[in-house]
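A.B. asks: Mind looking at a prediction? Sequence and model below.
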Amino acid sequence: MFIPTLERQCTSEQREKFLPLCYDYRIIGTYAQTELGHGTFLRGLETTAHYDPNTQEFILNSPTISSIKWWPGALGKTSTHAVVLAQLYTLGKCHGIHPFVVQLRSLDDHKPLRGITVGDIGPKMGFGPNDNGYLKLHKHRIPRTNMLMKYSQVSPDGTYTKPPRSTLTYGTMTFVRVLIVHGSAIALAKASTIAIRYSAVRRQSELRPGEPEPQILSYPTQQHKLFPLLATAYAFHFVQLAMMKIYTDVNDQINNSNFSRIQELHALSSGLKAFTSWVTNAGLEVCRMSCGGHGYSQASGFPRLYADFTPSCTYEGENTVLMLQSARYLVKCVRDARSGKTLPGTVSYLSEDVSAVHSGGSSGRDLSNLDFLISLYKQRASNQVHFASDKVDRGISAGMDLVGALNSASVHLVSAAKAHSHYFIAKTFVESLKLLKASSELQNVLHQLASVYVFEGIAQSSGDFIEDYILSGSEAKTIRQLAVDLLPLIRVNAVSLVDAFSFRDEVLQSVLGRYDGNVYENLFKWAQNSPLNKTDVHPSYHKYLGPLLKRNQSKL
Ligand SMILES: CCCCCCCCC/C=C/C(=O)SCCNC(=O)CCNC(=O)[C@H](O)C(C)(C)COP(=O)(O)OP(=O)(O)OC[C@H]1O[C@@H](n2cnc3c(N)ncnc32)[C@H](O)[C@@H]1OP(=O)(O)O
Ligand SMILES: Cc1cc2nc3c(=O)[nH]c(=O)nc-3n(C[C@H](O)[C@H](O)[C@H](O)COP(=O)(O)OP(=O)(O)OC[C@H]3O[C@@H](n4cnc5c(N)ncnc54)[C@H](O)[C@@H]3O)c2cc1C
């Protein structure tokens with residue numbers, strides 16, 4: 001995050017000064033924004049940067065215990081520099097959060113500089129190799145030119161020039177949220193690879209006396225656990241491609257001072273980061289549990305995969321908070337649509353009248369047709385967004401201000417943002433396959449994946465579709481069965497579909513997911529290498545167990 005921030009927030013002179021140092025690894029930096037007391041509420045951050053026109057320096061301070069920077073990756077022991085987000089004060093006025101480059105450690109002996117107290121925040125659930133750290137600043141001075149001034153400036157006499165948009169400071173977070181959508185796709189693909197390969201190797205239970213134990217991948221319940229997640233990994237792959245394209249297009253516009261789509265990008269990236277990381281987080285646990293006891297061994301790769309992925313739901317914007325950000329924008333779009341404004345691409349459906357198109361229960365609808373089902377996802381999203389938006393309007397009519405009305409409707413707003421994200425993902429998956437140049441056999445296999453994703457997505461949220469009369473109960477049951485009917489067809493290609501992710505064993509880091517399937521021998525080898533097995537009798541025997549046993553044996 002250090003380098004992307006410099007690339008996006010530096011003037012050209014600052015780029016020339018800082019970026020070569022980064023690219024050549026002459027300095028290593030982190031992104032120090034979160035504090036002990038605030039991670040979500042950025043306007044509440046307490047670190048201060050007061051401008052001193054006499055020396056043309058900023059004086060950085062951590063004024064309270066809660067203002068100590070806390071969590072930034074590699075801050076504890078590694079980084080020589082940081083981008084520090086601080087409240088900018090000049091000529092007696094506060095201008096809000098701005099980014100500053102701060103050197104933390106000497107480039108000679110790596111010792112912290114004067115006014116800098118820095119260290120590691122201690123062991124965490126995962127991210128073991130990462131020294132997430134703390135930073136306490138005490139009257140630490142930096143040159144005026146260390147404030148990143150692409151969008152806002154402080155002149156030598158202290159005059160402040162404000163940015164075209166205050167939220168441009170938040171740009172790096174949007175970029176990393178887009179990366180996290182990709183991270184979700186990769187993590188779910190890895191977990192699917194491990195679980196499906198192992199399920200093809202593992203044989204368990206005797207269905208009928210005398211019959212060989214079947215591969216657990218042959219059980220419909222095992223297929224029902226894993227194949228919708230496999231399909232989701234493919235869906236997220238196509239979604240992250242679409243998300244990155246939108247990000248690149250909007251970022252190019254921003255670089256040309258066209259800020260018209262910055263809100264749409266923020267809302268979409270927030271919703272997709274939250275949706276994909278939540279789904280992946282839950283999916284990793286399903287994959288782990290589908291491998292039985294061995295899934296719980298470090299040898300499976302699942303403990304580390306989960307512990308390292310799960311903070312994706314928290315960092316870069318806590319997921320609930322990001323869903324609310326997405327919903328805030330959707331509510332604005334409903335208002336804009338009602339006042340006749342044209343809505344941008346990813347939200348234009350909110351101005352369509354989708355209610356009349358499909359009323360649940362009419363017979364003869366082709367429930368296996370993906371285009372038709374995507375229109376139902378659209379209707380569900382539109383209904384949920386309008387329902388939540390109406391809640392906000394009623395709150396305002398009842399005398400609340402906008403913030404109060406948004407807060408009181410927030411449970412529904414999160415549901416609406418989830419439905420919006422789900423519609424975008426399902427639509428993108430189906431549309432991406434239409435554009436794919438692939439053999440008819442491959443198209444057929446991928447169509448099975450898209451179908452099971454769409455069917456299972458409705459089955460798992462059938463309440464949404466039934467409550468709004470988008471589907472009747474019997475239609476929802478039919479779609480649920482369509483998903484189950486697909487499982488044995490997907491079974492035929494399941495191992496090939498995870499092999500297609502082509503994770504090398506060294507990357508997958510899983511004895512259960514080994515490409516050669518030689519699990520048991522390698523599990524035994526892995527166990528023998530466990531540190532506890534360095535000696536047959538562990539030294540602790542002589543100190544504790546031995547004396548205990550001998551003492552008690554003498555009583556027999
Ligand atoms: C492979 C994987 C590797 C991945 C490798 C991953 C490594 C990750 C390491 C982790 C790094 C971190 O966690 S770094 C720290 C991450 N921290 C965060 O993400 C903090 C989250 N909090 C925030 O972003 C903000 O506080 C937020 C919640 C949006 C509220 O901010 P405000 O109070 O200023 O905003 P609001 O009052 O809600 O709204 C003000 C307006 O600003 C707009 N706005 C807000 N954020 C915006 C944004 N980013 N871009 C555009 N516009 C934005 C809103 O839409 C509103 O527009 P209007 O409606 O028009 O007014
Ligand atoms: C592994 C890891 C790495 C990190 N790396 C970095 C880094 O490199 N740099 C950096 O600056 N930070 C980093 N962070 C910090 C991270 O960005 C914050 O933890 C994150 O932004 C969440 O903020 P918080 O911890 O204050 O949680 P909080 O905001 O306190 O969230 C706690 C709960 O409050 C709820 N909540 C908060 N606000 C609202 C609201 N307005 N409406 C409804 N509910 C709300 C949340 O939904 C959540 O359930 C990292 C964190 C982790 C775990």
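C.D. replies: Yep, it's here. Residues are numbered from 1 along each chain as shown. Ligands and ions are numbered 1, 2, ... in the order given.

A.B. asks: Can you report how many residues neighbour the closest residue to ligand 2 within the stretch 151-300 of the chain?
C.D. replies: Residue nearest to ligand 2 within the stretch 151-300 of the chain (C-beta to the nearest ligand atom): M173, separated by 8.6 Å. (C-beta placed from N, C-alpha, C; glycine too.) Neighbour count for M173, taken as other C-beta atoms under 10 Å: 24.

A.B. asks: Likewise for E213?
C.D. replies: Neighbour count for E213, taken as other C-beta under 10 Å: 11.

A.B. asks: Next one, pLDDT for the nearest residue to it once chain neighbours are set aside please.
C.D. replies: Excluding the flanking residues, the one nearest E213 by C-beta to C-beta, 6 or more residues apart in numbering is R203, at 4.0 Å. Note for R203: predicted pLDDT of 97.

A.B. asks: do you know how far the residue of the stretch 151-300 of the chain closest to ligand 2 is from ligand 1?
C.D. replies: For M173, the distance to ligand 1 (C-beta to the nearest ligand atom, to the nearest Å) stands at 4 Å.

A.B. asks: and the helix or strand that residue falls within, what other elements does it pack with?
C.D. replies: Using DSSP states H and E, M173 sits in helix 171-201. Under the contact definition 3 or more C-beta pairs under 8 Å, 6 or more residues apart in numbering; DSSP states H and E, helix 171-201 sits against helix 2-9, helix 220-255, helix 262-289, helix 302-309, helix 473-499, helix 505-508.

A.B. asks: on that earlier part again, is the residue nearest to E213 in contact with Q215, as I believe?
C.D. replies: Yes: counting by C-beta atoms under 8 Å, R203 does reach Q215; the two are 5.7 Å apart.

A.B. asks: What ranges does the chain have for its strands?
C.D. replies: Using DSSP state E, the strands of the chain run over residues 29-32, 48-52, 57-61, 69-70, 81-90, 93-103, 116-120, 133-137, 140-143, 153-154, 160-161.

A.B. asks: Just name the most buried of those.
C.D. replies: Highest mean neighbour count among those (mean count of other C-beta atoms under 10 Å): strand 29-32, with a mean of 27.

A.B. asks: CA atoms only: put that one into PDB for me.
C.D. replies: This file holds the C-alpha atoms of strand 29-32, laid out as PDB (Å, rounded to 0.1, in the frame of the first residue of the first chain):
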ATOM      1  CA  GLY A  29       7.400   1.400   3.600                       C
ATOM      2  CA  THR A  30       4.100   0.800   5.100                       C
ATOM      3  CA  TYR A  31       0.700   2.500   5.100                       C
ATOM      4  CA  ALA A  32       0.100   3.800   8.600                       C
END
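
A.B. asks: does ligand 2 sit close to that strand?
C.D. replies: Yes: using C-beta under 6 Å from any ligand atom, strand 29-32 comes into contact with ligand 2 via T30, Y31, A32.

A.B. asks: Now do the contacts for the first one.
C.D. replies: Listed by C-beta atoms under 8 Å, 6 or more residues apart in numbering, the contact set of T30 reads M1, F2, P72, G73, A74, L75, T78, S79, H81, A82, V83, G133.

A.B. asks: what's the neighbour count on the fifth one?
C.D. replies: Burial measure for A74: 19 neighbouring residues, criterion other C-beta under 10 Å.

A.B. asks: confidence score at D308?
C.D. replies: The predicted local confidence for D308 is 96.

A.B. asks: pretty sure L113 contacts H81?
C.D. replies: No: here L113 does not reach H81: they are 10.5 Å apart, not a contact under C-beta under 8 Å.

A.B. asks: what residues are shared contacts of these two?
C.D. replies: Joint contacts of L113 and H81 (C-beta under 8 Å, 6+ apart) are Q103, L104.

A.B. asks: ok, back up a step: in CSV: the contacts of T30, plus pLDDT and distance to D393.
C.D. replies: Shown next, in CSV, are these (pLDDT from 0 to 100; distance: C-beta to C-beta, whole Å):
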residue, pLDDT, distance to D393
M1, 94, 38
F2, 97, 43
P72, 98, 40
G73, 98, 42
A74, 98, 46
L75, 98, 44
T78, 98, 50
S79, 98, 47
H81, 98, 48
A82, 98, 44
V83, 98, 40
G133, 98, 45
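
A.B. asks: Export these to TSV and append columns for distance to ligand 1.
C.D. replies: Listed next are these as TSV, based on distance: C-beta to the nearest ligand atom, whole Å:
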residue	distance to ligand 1
M1	6
F2	11
P72	7
G73	5
A74	10
L75	11
T78	14
S79	13
H81	16
A82	12
V83	10
G133	12
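
A.B. asks: List just the nearest of those to Y520.
C.D. replies: Ranked by distance to Y520 (C-beta to C-beta), the contacts of T30 are led by G73 at 37.7 Å.

A.B. asks: what's the distance between E57 and S408?
C.D. replies: Per C-beta to C-beta, to the nearest Å, E57 is found 46 Å from S408.

A.B. asks: swap in V385?
C.D. replies: 17 Å.
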